[in-house]
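K.L.:
Build me a structure from this.
(one chain, ligands or ions: 2)
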Amino acid sequence: MVVRASQRPALQRSKTMDGNPQKFDANIALLGAENVGKSALTVRFLTRRFIGEYGDIEAIYSHCDMIDGREICFNIWDSVCPQNEGIADRNITKQLQWADGFILVYSICDRASFAVVERQVRRIRQAKSKCAVAPPIIIVGNKRDLRHRRTVSSEEGRLLALAAECGFFEISAAENYHGVLLAFHGLLDLIRETRAPKKGPAGIKGIVRSVSAVFGRRRNDAKDAQD
Ligand SMILES: Nc1nc2c(ncn2[C@@H]2O[C@H](COP(=O)(O)OP(=O)(O)OP(=O)(O)O)[C@@H](O)[C@H]2O)c(=O)[nH]1
Ligand SMILES: [Mg+2]
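P.N.:
Ligands and ions are numbered 1, 2, ... in the order given. Coordinates of the predicted model:
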């Protein structure tokens, strides 16, 4: 079931700014195996609270905040883990159309959930060829408060992120808000980078400057030779 908690169209990639230059929309999809804490992370980010049990509802939430004097609207798709690979493939197509960036969550005490994230990274990166810009990904190892039951080392998480050019955080939604905030804001920064206009080739002024630098140096060299 998909519950929409926002007024904006659910399956539409966010437009740059809704006509308001001060507003920035970021569509974020949370993916991962069952029970890893996707809903806990979402609720922590939205309300700063950890409530313990969340059910298995799929929902898109909207949350706006002023960050550095600019209104930022986070649209967060808290997904449920697909039952099989076929559904996962269909879902990823929809999610890629909608999302500006992904948070892939595993539990540090559930090895199988890490394997799910490895597959999801591959799936997103393979589908990347269909997108104009590769969507940024943050990998989150959750349940850090249960490190005495850890089955996935921090190193493994970091290496996966490094290999797939993703951000990485190991956090506990249960223990604190700050780590969750860092993960969401880390992804926001990456999304903003993908939307920033790329620098074009040097303009006419740059060319004029470099040409005159070359000729200016030649003139000086010739003058030095004469002296
Ligand atoms: N100890 C601990 N428990 C957590 C943490 N985050 C979530 N949980 C617990 O893990 C269980 C699953 O959390 P959910 O947020 O429902 O996980 P989910 O990934 O949304 O699960 P599905 O929607 O069923 O796929 C709940 O009992 C949470 O209380 C955490 O950081 N530490
Ligand atoms: Mg959930």
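K.L.:
Ligand 2 contacts on the protein?
P.N.:
Lys38, Ser39 (C-beta under 5 Å from the ion). C-beta here means a position set from N, CA and C on the backbone, and glycine is covered the same way.
K.L.:
how about the helices in the chain?
P.N.:
38-47, 85-98, 111-127, 154-163, 178-195, 204-226 (DSSP state H).
K.L.:
Kindly compare burial across those helices and name the winner.
P.N.:
Of all the helices of the chain, helix 38-47 carries the top mean neighbour count, a mean of 22, counting by mean count of other C-beta atoms under 10 Å.
K.L.:
just the angle between that helix and helix 178-195, please?
P.N.:
Relative orientation of helix 38-47 and helix 178-195, computed by axes from the mean of the first three to the mean of the last three C-alpha atoms, to 10 degrees: 90 degrees.
K.L.:
From the chain's centroid, how far away is helix 38-47?
P.N.:
Remark: helix 38-47 is offset 16 Å from the chain centroid, using C-alpha atoms, centre = their mean, to the nearest Å.
K.L.:
Can I get it as PDB, trimmed to CA atoms?
P.N.:
Listed in PDB are the C-alpha atoms of helix 38-47, where the atom choice follows Å, rounded to 0.1, in the frame of the first residue of the first chain:
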ATOM      1  CA  LYS A  38      13.700   2.500   7.000                       C
ATOM      2  CA  SER A  39      10.600   3.800   8.700                       C
ATOM      3  CA  ALA A  40      12.500   4.500  11.900                       C
ATOM      4  CA  LEU A  41      15.000   6.700  10.000                       C
ATOM      5  CA  THR A  42      12.200   8.500   8.200                       C
ATOM      6  CA  VAL A  43      10.200   9.200  11.300                       C
ATOM      7  CA  ARG A  44      13.300  10.200  13.200                       C
ATOM      8  CA  PHE A  45      14.200  12.700  10.500                       C
ATOM      9  CA  LEU A  46      10.600  14.100  10.300                       C
ATOM     10  CA  THR A  47       9.800  14.200  14.000                       C
END
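K.L.:
No further questions, thank you.
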